[in-house]
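# Whatever this is, show me its structure:
(one chain, ligands or ions: 1)
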Amino acid sequence: MGLKHDQGIVLRTYAFGEADNIIVFLSATNGKVRSVAKGVRKTKSRFGGRLQPFMHVDLVLYEGRNLDTITQVETIESYPNIRTDLDRFVEASTMLEVADAVAQEDEASAGLLLLLHRGLLALNDGVGGADLMTVYMLKVAGVLGLAPALRSCAGCGASSAERFSFDAGGVVCSSCAPSGAYKLRDGVTARLAELADSDIQNLPQPSAVPPSETLGVTRRFLEYHLERKIVSMSVMQE
Ligand SMILES: [Zn+2]
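As a prediction, this is how the structure comes out:
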């Protein structure tokens, strides 16, 4: 046992004992990590506000038998604008919730951490809204190896695939469509494909397809595969 370095984005925190917090963060090399910050709930904590959700931090940890203890914190990025805009805050919370739901302990998560970082940077730069969240979730699905088929039938590869199936993993043609596959409105599949291929910090121009529609499909697709609801999003979509 001894000291070690790690860095990542704080996903959430919760109270532990009298004045301590458990800090759950996403590390590039170690996946989802739980650690203890001692005395962090005292007014004069030496950690200040650096161990809050969304903070991207560099840490020195003292290895413990069960949990490591954080001994030093340096801020890498604080994404300050997210905290001053309610819409951005809710979207950022959704990004954290999704990352938290998919990250595993003791499993390298460099791709997921980079995606979360770039998503938070986009929000910090004032970009937000349904298209950004759709791109984020489609890319999370990609990191998990669950990227939905969007250009051709997930079953047979046929190019005319107008139904969407969570079970089959994307769009399907009428002969491959399992029960529960549903028809998407014109243009939705093409828009989803465009969003899936786009850069999260450089979104494509809006299209005729309502962003809420592509987000709705993407959200339900991810929820289906995660077998859980994305709770923060219920605040976002009225
Ligand atoms: Zn097919």
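# Buried ones in stretch 59-77, by neighbour count?
59, 61-62, 68, 70, 73 (16 or more other Cβ atoms under 10 Å). Any C-beta I mention is one placed from the backbone N, CA and C, and that applies to glycine too.
# so what secondary structure elements neighbour the strand ranked longest in the chain?
The longest strand of the chain (DSSP state E) is strand 3-16. Strand 3-16 sits against strand 20-27, strand 31-37, strand 56-62, strand 68-77, helix 86-102, helix 110-124, with contacts defined as 3 or more Cβ pairs under 8 Å, 6 or more residues apart in numbering; DSSP states H and E.
# Can you give the strand pairings for it, parallel or anti for each?
Paired with strand 3-16 in the same sheet, following DSSP bridges, are strand 20-27 (antiparallel), strand 56-62 (antiparallel).
# Figure out how far it is from the centre of its chain.
With Cα atoms, centre = their mean, to the nearest Å as the basis, strand 3-16 stands 17 Å off its chain's centre.
# tell me which residues in it are buried?
So, applying 16+ other Cβ under 10 Å, buried residues of strand 3-16: 6-11, 13, 16.
# List just the nearest of these to residue 212.
residue 11 (26.2 Å; Cβ to Cβ).
# Next up, the contacts around that closest one.
Listed by Cβ atoms under 8 Å, 6 or more residues apart in numbering, the contact partners of residue 11 are 24-26, 32, 53, 96, 99-100, 103.
# Just the buried ones from those?
24-26, 32, 53, 96, 99, 103.
# where in the chain is pLDDT low?
Scanning the chain for pLDDT under 70 picks out 235-238.
# quick one, domains of it?
Listed by automatic domain parsing, the domain ranges of the chain are 1-123, 129-236.
# The last one close to the ion?
Just to be clear, that refers to domain 129-236. Yes. Judged by Cβ under 5 Å from the ion, domain 129-236 and the ion are in contact via 153, 155-156, 158, 173, 176.
# Let's see if you can find the most crowded of those.
residue 153 (23 neighbours; other Cβ atoms under 10 Å).
# With residue 225 as the reference, measure out to that one.
Separation of residue 153 from residue 225 (Cβ to Cβ, to the nearest Å): 19 Å.
# Then residue 203?
Separation of residue 203 from residue 225 (Cβ to Cβ): 23 Å.
# mind checking the end-to-end distance for stretch 120-133?
For stretch 120-133, the first-to-last residue distance is 11 Å (Cα to Cα, to the nearest Å).
# Give me the buried positions along it.
120-124, 127-133.
# Then stretch 176-187?
Neighbour count says stretch 176-187 has 176-177, 181, 184 buried, by 16+ other Cβ under 10 Å.
# what does stretch 133-153 give?
Applying a neighbour-count criterion of 16+ other Cβ under 10 Å, one finds 133-141, 143, 146, 148-150, 152-153 buried in stretch 133-153.
# Now residue 218: phi and psi?
Residue 218 adopts backbone torsions of phi -60, psi -40, taken as degrees, to the nearest 10.
# An error on my part: the question was meant for residue 205.
Per degrees, to the nearest 10, the backbone of residue 205 is at phi -60, psi 150.
# Return the distance of it relative to residue 194.
Here the criterion is Cβ to Cβ. By it, residue 205 lies 10 Å from residue 194.
# Isn't residue 42 up against residue 19?
Yes. With contact defined as Cβ atoms under 8 Å, residue 42 reaches residue 19; the gap is 5.1 Å.
# element containing the closest residue in space to residue 207 that isn't next to it in sequence?
Spatially, and ignoring its direct neighbours in sequence, residue 207 is nearest to residue 191 (5.2 Å; Cβ to Cβ, 6 or more residues apart in numbering). Using DSSP states H and E, residue 191 sits within helix 188-197.
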